[in-house]
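K.L.:
next comes the sequence, and after it the predicted model I'd like to discuss.
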Amino acid sequence: MDQPPFIHERALVESDVVGAGTRIWAFAHVMPGAVIGAGCNICDFTYIEGGAIIGDRVTLKSGVFLWDGVRVEDDVFIGPQATFTNDLMPRSRQPFQLTETTICRGASIGAGAVVLAGVTIGEGAMVGAGAVVTKDVPAHAVVVGNPARVMRTLPS
Amino acid sequence: MDQPPFIHERALVESDVVGAGTRIWAFAHVMPGAVIGAGCNICDFTYIEGGAIIGDRVTLKSGVFLWDGVRVEDDVFIGPQATFTNDLMPRSRQPFQLTETTICRGASIGAGAVVLAGVTIGEGAMVGAGAVVTKDVPAHAVVVGNPARVMRTLPS
Amino acid sequence: MDQPPFIHERALVESDVVGAGTRIWAFAHVMPGAVIGAGCNICDFTYIEGGAIIGDRVTLKSGVFLWDGVRVEDDVFIGPQATFTNDLMPRSRQPFQLTETTICRGASIGAGAVVLAGVTIGEGAMVGAGAVVTKDVPAHAVVVGNPARVMRTLPS
């Protein structure tokens, strides 16, 4: 029998699509419609918009906000304060074209990294802390810097 | 007749100078004395200090903190986790000289950008995601990188 | 007689080791076991894990998260959104080797800076806003950039 999700009493979870065993901590906010898989760890001060999709066994450290159009596959780690976007030319109160981002299975996004809308982070890739990712990252690549560049490739 | 502001039940709004139609979302904290215009969208996990001034139709995405001395003009977009300061040489528990920052009308600050105290971001400028802005940005310029440099100029 | 700590009614403080006169503000979350000295200022949206240690007269601005293995000595200033880590090769749901970080007495960490696990920030050093610190910072050095480099040394 599946373990129910754990939801901290100071979290605000408005979606009912939260997988078995997932833990959602204090001051997290999950919007209606958001899809969260099983066995995830969703830390304090996270925000998950209604159009975001999160796989199984994903870790979101504190201060991670996932917007409509961001898809996070299974076994992904997203470090604290890593930042995502869904609009390449944002202007206040203007209509915008939603641009999608995918973080593929098993990838890790380092603390404080910034990932521009439209990018795909390949399977098992590792985005270094503080990197600013402006284009696709190949599978198993390690990228660092601003803008992020491939430093090496991990064994797959 | 003006539409009243919407304040989420999990927000903490201690200012009564919030303009018509402005929406303030969960876990936002607005301090006494802060001035917020009309038609703004103030997202989750934002903090607005008592000496900050925000114009009309401004968007503050999640994780934006505006300190005393930060002035945001009308129609500005501030992306998630964009960071502001008001002290150029911060030391704990020391008196400091407040240094002002202005974000001019219609500018956009990208996700995760850092804006140093004392800077003016010109009208309609666009600060790229992850940029670290150490000096004034001309009107309509697009700046990127650490430190931020002008990449191009938008039609005004 | 010691002044008791001030804890905002919207904070969640689960440690009872909080020093005299320390102030902890709204939406801060302090975990059981965390050690916080006297005369600190712990701002909104901060998170202090049970294994973190904080000295006296420390300022943590909003959006600062201190993990197990992070030690902050007396009189340190940590700017808004400055980011710490404790794992050099994070992967979701994998065991990891905790890597310690020390911020020595009187140092300041600028807004939005990223400090990699394992680093020591020397006494009185100043990490510039938006810097990405990948190696030890000497005492009284000023470092900026991604990766961070010494720009100059302050009088000690």
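P.N.:
In hand now; what should we look at?

K.L.:
indicate the residue of chain A located nearest to chain C.
P.N.:
Proximity of chain A to chain C (Cβ to the nearest Cβ) peaks at A:G130, 3.5 Å away. From N, CA and C alone the C-beta is placed, and that goes for glycine too.

K.L.:
how about the residues of chain A by chain B?
P.N.:
Contact residues, chain A versus chain B (Cβ under 8 Å from any Cβ of the partner chain): A:12, A:27, A:29, A:45, A:47, A:63, A:65, A:81, A:83-85, A:89-93, A:112, A:114, A:116, A:132, A:146-147.

K.L.:
show me which of those residues are buried.
P.N.:
Listed as buried from those are A:12, A:27, A:29, A:45, A:47, A:63, A:65, A:81, A:83-85, A:90-92, A:112, A:114, A:116, A:132, A:146-147; burial here means 16 or more other Cβ atoms under 10 Å in any protein chain shown.

K.L.:
ok, and of these, which contact chain C?
P.N.:
The subset of those within reach of chain C, by Cβ under 8 Å from any Cβ, is A:27, A:45, A:63, A:81, A:112, A:146.

K.L.:
next, format those residues as a markdown table and append pLDDT.
P.N.:
Converted to a markdown table, these look like this (pLDDT from 0 to 100):
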| residue | pLDDT |
| --- | --- |
| A:F27 | 98 |
| A:F45 | 98 |
| A:G63 | 98 |
| A:Q81 | 98 |
| A:G112 | 98 |
| A:N146 | 98 |
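
K.L.:
circling back: out of the residues of chain A next to chain B, name the ones that lie in helices.
P.N.:
Among the residues of chain A next to chain B, no residue falls in helices (DSSP state H).

K.L.:
next step: the residues you listed restricted to strands.
P.N.:
A:12, A:29, A:47, A:65, A:83-84, A:114, A:132 (DSSP state E).

K.L.:
who does A:L60 bridge with?
P.N.:
For A:L60, the beta-bridge partners under DSSP bridges are A:I42, A:I78.

K.L.:
do you know the pLDDT at it?
P.N.:
As predicted, A:L60 sits at a pLDDT of 98.

K.L.:
gap between it and B:G19?
P.N.:
Counting by Cβ to Cβ, to the nearest Å, the separation of A:L60 from B:G19 is 33 Å.

K.L.:
okay, those two: which has more neighbours?
P.N.:
Between A:L60 and B:G19, counting by other Cβ atoms under 10 Å in any protein chain shown, A:L60 is the more crowded of the two (30 against 20).

K.L.:
give the contact list for the more buried one.
P.N.:
Neighbouring residues of A:L60 by Cβ atoms under 8 Å, 6 or more residues apart in numbering or on different chains: A:40-43, A:46, A:48, A:54, A:66, A:78.

K.L.:
which pair in these has the greatest spatial separation?
P.N.:
Across the contacts of A:L60, the longest distance by Cβ to Cβ is 14.0 Å; it joins A:N41 and A:L66.

K.L.:
neighbour count winner among these two?
P.N.:
Taking other Cβ under 10 Å, A:N41 and A:L66 do not tie; A:L66 has more neighbours (29 against 18).

K.L.:
how much space between the more buried one and A:I121?
P.N.:
Going from A:L66 to A:I121 by Cβ to Cβ gives 13 Å.

K.L.:
repeat for A:V72
P.N.:
10 Å.

K.L.:
with A:V35 instead?
P.N.:
Using Cβ to Cβ, one gets 19 Å for the distance from A:V35 to A:I121.

K.L.:
neighbour count for the two, which is higher?
P.N.:
With neighbours defined as other Cβ under 10 Å, A:V35 and A:I121 compare such that A:I121 has more, 27 against 17.

K.L.:
didn't A:L116 look like it was pressed against A:V137?
P.N.:
No. Here A:L116 does not reach A:V137: they are 11.3 Å apart, not a contact under Cβ atoms under 8 Å.

K.L.:
residues from chain A in reach of chain C?
P.N.:
With Cβ under 8 Å from any Cβ as the criterion, chain A meets chain C at residues A:10, A:26-27, A:39, A:41, A:43-45, A:57-59, A:61-63, A:75-77, A:79-81, A:106, A:108, A:110-112, A:126, A:129-130, A:144-146.

K.L.:
tell me who's in contact with A:A38.
P.N.:
Going by Cβ under 8 Å, 6+ apart, A:A38 touches A:2, A:19-22, A:56-57.

K.L.:
please list all residues in contact with the closest residue to it other than its chain neighbours.
P.N.:
Nearest non-adjacent residue to A:A38, counting by Cβ to Cβ, 6 or more residues apart in numbering or on different chains: A:G19, 3.1 Å away. By Cβ under 8 Å, 6+ apart, A:G19 lies in contact with A:5, A:36-40, A:56.
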